[in-house]
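**Student:** no FASTA, just this:
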């Protein structure tokens, strides 16, 4: 293999450093941690310090060498109607992606990339990596990125006469205040709590138990006070972590549109720039989280076919905005999804089933609690869990009340409540399949479950209405079928 | 099925050997599992088979299945990306195949058709799909 790249281009030299850093980071567990452990176990004599430092230097040199070799082995370009990427030091590979299969060219800028002023460029294809893996270029300068974008996207977009696009038009920007509100109401406390739980285990290894006991003894004289202090403290820390996570992910969130493409810029440390072709959006979900709904706030997500590998199959279109402004934003960003018809409610006889389903966990809890308390304490105070029934029943009633559907101008709109109240909007032509199913209990009261599948990522996603009138469900399934004449499905 | 039978057998054995129960009571788990086995091998498949229906129309495929949980799925031909037939070793012995058709949202299937009919169904869906507009 000759050393020159031919018609293909090399990456920015910063790729060497980024590659080296990546290698070091990947090998941390294998090299640095044992080194540190070794250091502490042998005592901090100059000899062991020197040894560990020498080891670190060796690792750094090897990583730098690998970074250089990788850089030299990587080349990319747009050749003859497709994107080519050649890489691999020992195992050489050449990937060819026809330009028609390229869905978007996204950039990500981590801290390291920002230091060097380069971008990590990801060429995304439809199918989300299932059949045709995406291609990723670790470091390209701004000019090279623009060139590549023009080379790939320019070939697909029709030139709009002499109108030189002055750039995408910004539709909405997330203010810092809204960002903090989004973090505070994100309901991601669960994730933060589990992170704290993991973190506390690491904590245990570094601080001795005596230290903890002293700390606890000085702060909280008895167990009750301790619990009263600790529980809210943990909750507050988890809440702050949730806010921090949101800030990191959505700082400076900007939604713009140019022609048939939506552009999303976001991120604090790692700056992401993503493209969503309007033609690939399968559905839009308006989500009113249970912490946000009281304030009239909502968030928008898009379900996109074969887009993005990190956020999975759906992407945040806008993290937080007043519910009343959703339609206006959709009209500008994705007009196909800007409908808000009056929703048809579920039949009255479905209420009993919704409430029953919601109460089941409470009943199970009461039963097992009663059994356990009876066996252990010889008293049935586990039955007190029955006191949980009213809130669960109320939740079931809320789920029934918030459920609704409508078919307006060829768009299916379905609202439901999980923890958050979600309204899903999907055009008829995007539906991959419709299903009507019923259990014997549903059959007895002429109810059915209606489900449509959407193309989203590798495995698809679904929109479901439970306990619809059976006749209505069948009629809806028929109405959503393909029209008779060819091209009518468009 | 086999683990269930083993569990039932072992349960009976354990009860008879170690617990202080009458022989009649101890045999119950094994009997119950045996009844379940007879049911699921001889009775259930027949019922399930009779409730499986499919229809390939000119614009969509209609699948109806289920005994307890009855389900009907309509898949427009325009959404079908590709059609396969699949055959496991047990199926091969009885000359059966499964037709699997993929949409962008996943796969649907018509199981346990005779191989020739499965091939026919696959080709018919493929032909009809080709005539439709692409997504």
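**Tutor:** Nice, thanks for sending it over. All figures in this text were calculated on a predicted structure; none of them were measured in a lab.

**Student:** mind checking pLDDT for the residue nearest to the spatial centre of chain B?
**Tutor:** Nearest to the centroid of the C-alpha atoms of chain B, with distances taken as Cα atoms, centre = their mean, sits residue B:111, at 6.3 Å. Here, the pLDDT recorded for residue B:111 equals 82.

**Student:** any idea which element it lies in?
**Tutor:** Following DSSP states H and E, the helix or strand that holds residue B:111 is strand B:106-114.

**Student:** burial check on residue A:27, number of neighbours?
**Tutor:** Other residues within reach of residue A:27 by the criterion other Cβ atoms under 10 Å in any protein chain shown amount to 14. All C-beta atoms are positioned from the backbone trio N, CA, C, and that covers glycine.

**Student:** next: residue B:33.
**Tutor:** What residue B:33 shows, counting by other Cβ under 10 Å, is a neighbour count of 20.

**Student:** what of residue A:251?
**Tutor:** Other residues near residue A:251 number 17, with proximity taken as other Cβ under 10 Å.

**Student:** what parts of chain B come near chain A?
**Tutor:** Proximity of chain B to chain A is assessed by Cβ under 8 Å from any Cβ of the partner chain, with B:59-60, B:66, B:68-79, B:103-106, B:108, B:131-133, B:135 identified as the residues in range.

**Student:** now do 10 Å
**Tutor:** Applying the criterion Cβ under 10 Å from any Cβ of the partner chain, the portion of chain B that neighbours chain A consists of B:57-81, B:102-108, B:131-135.

**Student:** filter those residues to the buried ones?
**Tutor:** Neighbour counting with 16 or more other Cβ atoms under 10 Å in any protein chain shown marks B:59-61, B:63, B:65, B:70-80, B:102-105, B:108, B:132, B:135 as buried within the residues of chain B next to chain A.

**Student:** now do the helices in the chain.
**Tutor:** By default, I'm working from chain A. Per DSSP state H, chain A has helices spanning A:14-26, A:33-41, A:46-73, A:111-116, A:142-153, A:176-184, A:189-206, A:209-219, A:223-250, A:326-333, A:350-377, A:389-402, A:440-444, A:470-479. These are given in chain order.

**Student:** chain B, not that one
**Tutor:** In chain B, the segments counted as helices under DSSP H are B:2-18, B:23-38, B:44-50, B:89-94, B:115-131.

**Student:** residue A:279: which of those helices is closest?
**Tutor:** Closest approach to residue A:279 among the helices of chain B (Cβ to Cβ): helix B:115-131, 20.6 Å.

**Student:** other SSEs contacting the closest one?
**Tutor:** The helices and strands touching helix B:115-131, judged by 3 or more Cβ pairs under 10 Å, 6 or more residues apart in numbering or on different chains; DSSP states H and E, are strand B:53-56, strand B:60-65, strand B:80-86, helix B:89-94, strand B:96-103, strand B:106-114.

**Student:** any stretches of the stretch 251-400 of chain A with poor pLDDT?
**Tutor:** Low-confidence segments of the stretch 251-400 of chain A, defined by pLDDT under 70: A:306-313, A:377-385.

**Student:** by proximity to chain B, which residue of it wins?
**Tutor:** Using Cβ to the nearest Cβ, the single residue of the stretch 251-400 of chain A nearest to chain B is residue A:305, 5.8 Å away.

**Student:** compute the number of surrounding residues for that residue.
**Tutor:** The burial metric for residue A:305, expressed as a neighbour count using other Cβ under 10 Å, is 25.

**Student:** gap between the residue nearest to it when sequence neighbours are not counted and residue A:290?
**Tutor:** The spatially closest residue to residue A:305, leaving aside those adjacent along the chain, is residue A:455, at 4.3 Å (Cβ to Cβ, 6 or more residues apart in numbering or on different chains). Distance, residue A:455 to residue A:290, using Cβ to Cβ, to the nearest Å: 29 Å.

**Student:** touching, the residue nearest to the centre of chain B and residue B:87? I think so.
**Tutor:** No. Residue B:111 is not in contact with residue B:87 according to Cβ atoms under 10 Å; the separation is 11.0 Å.

**Student:** which neighbours do those two share?
**Tutor:** Counting by Cβ atoms under 10 Å, 6 or more residues apart in numbering or on different chains, the shared contacts of residue B:111 and residue B:87 are B:96-98, B:118.

**Student:** quick one: which of those is nearest residue A:406?
**Tutor:** The nearest member of the shared contacts of residue B:111 and residue B:87 to residue A:406, counting by Cβ to Cβ, is residue B:98 at 37.2 Å.
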